[in-house]
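Undergrad: Kindly return the folded structure for what I paste below:
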Amino acid sequence: MAMLFPLLAVLIWAANTVVSKAAAQVLDPAAISFYRWLLAALILTPFCLRPLWRLRHELRPWLGKFLLLSALGMVMFQCLAYYAAHNTTATNMGVITALVPLLGLVLNALAFRQPVGGQAWFGVAVSLAGVLYLLGHGNPLGLIANGINHGDALMLSGAAAYALYGILLRRWAPPFGAWLNLYLQVGMAVLLLAPLTLTADSMAIPARGVGLVLFAGIGSSVLAAYLWMRGIQRLGSERTAIFMNLLPLFTALMASATLGETIHSYHWLGGGMILLGVVLGQGMLRLKTAGRPAFVNK
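TA: Below you'll find the predicted structure:
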């Protein structure tokens, strides 16, 4: 039963990737980005505002760190995904998101001098080959002539931002509890995204967009976060993190069933190589971090 918590969370996040693609035809990216976190903030406020007020003095020195975490995880990753959805498929978005652990490994090595073993670097190389194969639609050399798709480039940038978010969250490990940490980041995301709304063609939510906003704001931002945290409590962060490898598969199947996206052979081969590289890299990371406390907040 404990495995159901992270499994359901990943299913919701996969569905949210499909929702992001569907929203591209209905809502301005700035609108759904803002309304998603505003709705999540409104839902969490009755439960989190009083504890936040009690800890206001302890929280003050952390505000700069929470602002950066919110900018990376809530604003850049999620917002770029909504813009990327206008130029790429939900299937590609799901596969690129699977790169986050490997991007984190690379950033940790480059920015924080985290030791990385040969097997982990081999995993990075395998995943990189899978990315080139996927983005080149089975012809990696075609990227030289045609360049990378604009939507895929945005999604890669968002994945890199989320990888850095994960690194900083683990290093800083804010000591205020998962819900309060989430609430602070959500509230700051609303503030950071407010100026972006000025760029929107329209902030109106049409009838077809109501369900999309509700799913993103409640299902993906609150319910999935709760399920993920319960999974961590029951299984531990390392075992729970493995379930994220199912995200591209779930996304591809949902996109095929609901959006009519075609899953090509290069999706299977490129995505498989990416996941193989992630598994190789994650295996080495688990060996290096065994016995150390982990803090995960989705």
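
Undergrad: what does the average pLDDT come to for the helix or strand that contains Trp268?
TA: Secondary structure from DSSP states H and E places Trp268 in helix 265-289. Helix 265-289 comes out with an average pLDDT of 72.

Undergrad: now stretch 29-49
TA: 96.

Undergrad: what sits up against it?
TA: 20, 23, 74-75, 78-79, 82-83, 85-86, 179-180, 182-183, 186-187, 189-190, 193-194, 196-197, 199-200, 202-205, 209, 212-214, 216-218, 220-222 (Cβ atoms under 8 Å, 6 or more residues apart in numbering). For every residue, glycine as well, the C-beta is placed using N, CA and C.

Undergrad: again with stretch 231-250
TA: Under the contact criterion Cβ under 8 Å, 6+ apart, stretch 231-250 has outside partners 2-3, 5-7, 9-11, 13-15, 17, 91, 94-95, 97-98, 100-101, 228, 271, 274-275, 278-279, 282, 286, 289, 294-296.

Undergrad: let's see 7 Å
TA: Contacts with stretch 231-250, where a contact means Cβ atoms under 7 Å, 6 or more residues apart in numbering, come from 2, 5-7, 9-11, 13-14, 94-95, 97-98, 228, 271, 275, 278-279, 286, 294, 296.

Undergrad: ok, now stretch 50-59?
TA: Stretch 50-59 has contacts (Cβ under 7 Å, 6+ apart) with Phe176, Leu180, Tyr183.

Undergrad: Low-confidence regions, the protein specifically.
TA: Scanning the chain for pLDDT under 70 picks out the ranges 116, 144-145, 238, 282-298.

Undergrad: May I ask which of the contacts of stretch 50-59 has the most neighbours?
TA: Counting neighbours by other Cβ atoms under 10 Å, Tyr183 leads the contacts of stretch 50-59 with 23 neighbours.

Undergrad: Which secondary structure elements does the helix or strand hosting that residue sit against?
TA: For Tyr183, the host element (DSSP H and E) is helix 178-193. Applying 3 or more Cβ pairs under 7 Å, 6 or more residues apart in numbering; DSSP states H and E, we find helix 178-193 packed against helix 29-54, helix 63-69.

Undergrad: Comparing those, which comes out most buried?
TA: Mean neighbours per residue, mean count of other Cβ atoms under 10 Å, is largest over the helices and strands packed on helix 178-193 for helix 29-54, with a mean of 19.
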